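Undergrad: The sequence and its predicted three-dimensional model are supplied below.
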Amino acid sequence: MKVTHPVTLYQVLYNMIEKKKVRTELEVDRISNLPAHLIQLILASLPIREAGKTSVLSRQWRYHWRNITRLVFDDEFDELEDCDSESEVNKLVKRVHEALQVHDGPITEFVLSIPGLTAAADTHHLISYLSNKGISALSLLFDLDPHSFGEEISPSLFRALQLNSLKLQACELKVPPWFVGFTRLTVLQLEQVCLPNDFFQGFLLNCPLLEDLRTSFVVGPRKLEVVGPPRLKVCIFRVYCVETISFRCTPMLSMISIQAEMYDSNTTDIPTVDIVSTCASLPALQQLNLSFECLQLLAAGPVPDMFPTALHQLEVLDIGNCFHDECLLELEVLLCLIRSSPNLYKLTIQNALVLNDLNVERELVPLKSESNGYPDPEAEGSYCQRLAEVNVRNYKGSQVELDLLRFLLANAPRLSRIVVKPDYQLSWGSCLDFLEKVRQCECVSKEAEIIYVNMSNVILFSRRLAAS
């Protein structure tokens, strides 16, 4: 049975406790004699503070709240008014401890997300207690400390070997030398976490069942080298100052998203990546999202026309800012990915957010030129056979944008829609001029149409592109 309206249940129970409404004997029996599993279901839908109040409903309800398996301490439980007051922080942590001390049953999931509580709080005993309770899902979501990036999390965390889900925020994670691994962990999410430099190479090898890895604004690792685990399916990274990217022993990895600053902006030496071997390690890849910095890193090394091993499973490709000024090398990476993905279905290209990044009057080297290695639509006909949708965000009006669309129109027989979101600084006349140029391009699809949308994704107009 699923509780579909937890707020309604909360209001009913709250009225019964606080207002002490007069009930008939029948109503009392209905509440008192509910099956234990229904009582647990109701309690699980209530904030921990309100769940404790249900002990006064009847004798049968008195101790049920102590057996809740999912404990959530968030703003419904308490909130720090003075984050800098050590005494206030300690009082709050003490209240969490007191709630745990009267808890009798197993704890399968624990969430700590109290506004104002940072990792500087003394949570060592709390984490140690949870580690010994056989907890399977743990979320420690601290607020970012304004005085530091985050305090070190208690080493007791690494004794919670039963964990299958771990989510950390605003803290520092140091792996102790005695750590043997989270052999049951399937989900790992890290946000604003300081990590050791070799985290992705060493830690992940000790998580053989990991399937979902997500990091956001983590610092520390300079090498994004993911080695295993073999069951990994999802990788989402938002990281700083990464020097290299590689994936090894990831046969099931189907979704990769990387938003990163690839190298130190103070140096002119851009590290290189073996794009061929990296992509060869991704046979199950279905969705790939890359920022411009990733393209820049991949373009620093040799870029083939296409990979020796095709990305047969890749269906969704999302590329950021590949029309940024002189970015022809980055476009080569994009075209290599397109050529190497015979089943590509959806392509999204994100342009720069500011118009002055690109001189819209300047005509860049067109994609049809044989001298630069780009494919000639008249000579190539094996690309984009399943491509159905193209999205161009923050369109600037450059020649290279038009040339890329010309290539796609000439090679995508199943293309049904091109969705264009113009840059907000681009004039209406420039948009109409671009539309006319696109309509003059060779088009092999009988169903293709171009759709203009505004910044709110509201359709401005659409035009059918007649097949040549």
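TA: It's in.
Undergrad: ranges for the strands of the stretch 51-200 of the chain?
TA: 70-73, 109-112, 137-141, 165-172, 187-194 (DSSP state E, counting those that start in this stretch).
Undergrad: With mean pLDDT and distance to V453 as added columns, please give these in JSON lines.
TA: To be clear about C-beta, it is placed using only N, CA and C from the backbone, and glycine gets the same treatment. Formatted as JSON lines, the strands of the stretch 51-200 of the chain follow (pLDDT from 0 to 100; distance: least, CB to CB, whole Å):
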{"stretch": "strand 70-73", "mean pLDDT": "84", "distance to V453": "39"}
{"stretch": "strand 109-112", "mean pLDDT": "91", "distance to V453": "38"}
{"stretch": "strand 137-141", "mean pLDDT": "94", "distance to V453": "35"}
{"stretch": "strand 165-172", "mean pLDDT": "94", "distance to V453": "34"}
{"stretch": "strand 187-194", "mean pLDDT": "94", "distance to V453": "31"}
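Undergrad: how about the ones you listed, which one is nearest E151?
TA: strand 165-172 (6.2 Å; CB to CB).
Undergrad: in the stretch 51-200 of the chain, which ranges drop under the pLDDT threshold?
TA: The stretch 51-200 of the chain contains residues with pLDDT under 70 at 51-67, 78-86, 146-149.
Undergrad: mind listing the helices for it?
TA: According to DSSP state H, counting those that start in this stretch, the stretch 51-200 of the chain carries its helices in the segments 86-101, 124-131, 199-202.
Undergrad: Reformat the strands of the stretch 51-200 of the chain as CSV; add mean neighbour count and distance to L311.
TA: Below are the strands of the stretch 51-200 of the chain laid out as CSV (neighbours: other CB atoms under 10 Å; distance: least, CB to CB, whole Å):
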stretch, mean neighbour count, distance to L311
strand 70-73, 19, 40
strand 109-112, 20, 37
strand 137-141, 19, 34
strand 165-172, 21, 30
strand 187-194, 20, 25
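Undergrad: Of the ones you listed, give the one that comes closest to W178.
TA: Closest to W178 of the strands of the stretch 51-200 of the chain, according to CB to CB: strand 165-172, at 18.0 Å.
Undergrad: same for that closest one, what does it pack against?
TA: Here strand 165-172 touches strand 137-141, strand 187-194, going by 3 or more CB pairs under 8 Å, 6 or more residues apart in numbering; DSSP states H and E.
Undergrad: As TSV, these with distance to G202 would be great.
TA: Shown next, in TSV, are the helices and strands packed on strand 165-172 (distance: least, CB to CB, whole Å):
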stretch	distance to G202
strand 137-141	21
strand 187-194	14
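Undergrad: Nearest to K94 among those would be which one?
TA: Smallest distance to K94 across the helices and strands packed on strand 165-172 (CB to CB): 17.1 Å, for strand 137-141.
Undergrad: Please identify the pairing partners of that closest one and their relative orientation?
TA: Strand 137-141 pairs in its sheet with strand 109-112 (parallel), strand 165-172 (parallel), by DSSP bridges.
Undergrad: For N289, list each beta-bridge partner.
TA: So, taking DSSP bridges as the rule, N289 has S257, D318 as bridge partners.
Undergrad: Put together JSON lines for the strands of the stretch 51-200 of the chain, with distance to C249 on each row.
TA: Listed next are those as JSON lines, based on distance: least, CB to CB, whole Å:
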{"stretch": "strand 70-73", "distance to C249": "34"}
{"stretch": "strand 109-112", "distance to C249": "30"}
{"stretch": "strand 137-141", "distance to C249": "26"}
{"stretch": "strand 165-172", "distance to C249": "21"}
{"stretch": "strand 187-194", "distance to C249": "17"}
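Undergrad: Throw the strands paired with strand 137-141 into TSV and include distance to G202, thanks.
TA: Output for the strands paired with strand 137-141, formatted as TSV (distance: least, CB to CB, whole Å):
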stretch	distance to G202
strand 109-112	26
strand 165-172	16
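Undergrad: which one of those lies closest to P304?
TA: strand 165-172 (38.8 Å).
Undergrad: M255: which of the strands of the stretch 51-200 of the chain is closest?
TA: Nearest to M255, of the strands of the stretch 51-200 of the chain and by CB to CB, is strand 187-194 at 13.8 Å.
Undergrad: For L205, which of the strands paired with strand 137-141 is the nearest?
TA: In terms of CB to CB, the element of these nearest to L205 is strand 165-172, at 16.1 Å.
Undergrad: got the angle between that closest one and strand 187-194?
TA: Relative orientation of strand 165-172 versus strand 187-194 (axes from the mean of the first three to the mean of the last three CA atoms, to 10 degrees): 0 degrees.
Undergrad: Identify all contacting residues around strand 165-172.
TA: Residues from elsewhere that reach strand 165-172 (CB atoms under 8 Å, 6 or more residues apart in numbering): 109, 118-119, 136-145, 149-153, 182, 185-194.
Undergrad: Nearest to P208, out of the strands paired with strand 137-141?
TA: strand 165-172 (14.8 Å).
Undergrad: next one: phi and psi at Y452?
TA: phi -100, psi 130 (degrees, to the nearest 10).
Undergrad: Would you enumerate the residues in contact with the closest residue to it other than its chain neighbours?
TA: If the residues on either side of it in the chain are set aside, Y452 comes closest to L460, at 4.4 Å by CB to CB, 6 or more residues apart in numbering. By CB under 8 Å, 6+ apart, L460 lies in contact with Y452, V453, N454.
Undergrad: Please name the strands paired to the helix or strand hosting L460 in the sheet, noting orientation.
TA: Per DSSP states H and E, L460 falls inside strand 459-464. The pairing partners recorded for strand 459-464 under DSSP bridges are strand 449-453 (antiparallel).
Undergrad: Now do the strand it pairs with, average pLDDT.
TA: Strand 449-453 shows an average pLDDT of 90 in the prediction.
Undergrad: do the same with stretch 239-251
TA: Mean predicted confidence for stretch 239-251 is 83.
Undergrad: Quote the end-to-end distance of it.
TA: End-to-end distance for stretch 239-251, by CA to CA, to the nearest Å: 23 Å.
Undergrad: Stretch 338-350 too?
TA: 16 Å.
Undergrad: Sort out which residues of that stretch are buried, please.
TA: Residues of stretch 338-350 classed as buried by neighbour count (16 or more other CB atoms under 10 Å): I338, R339, S340, S341, P342, L344, Y345, L347, T348, I349, Q350.
Undergrad: Out of those, name the ones that lie in strands.
TA: Using DSSP state E, the subset of the buried residues of stretch 338-350 located in strands is L347, T348, I349, Q350.
Undergrad: the domain parsing of this protein - what is it?
TA: When the chain is parsed with automatic domain parsing, its domains come out as 1-68, 303-468.
Undergrad: thinking again about what came up before, can you pull the pLDDT of the residue nearest to Y452?
TA: Value for L460, per-residue pLDDT: 83.
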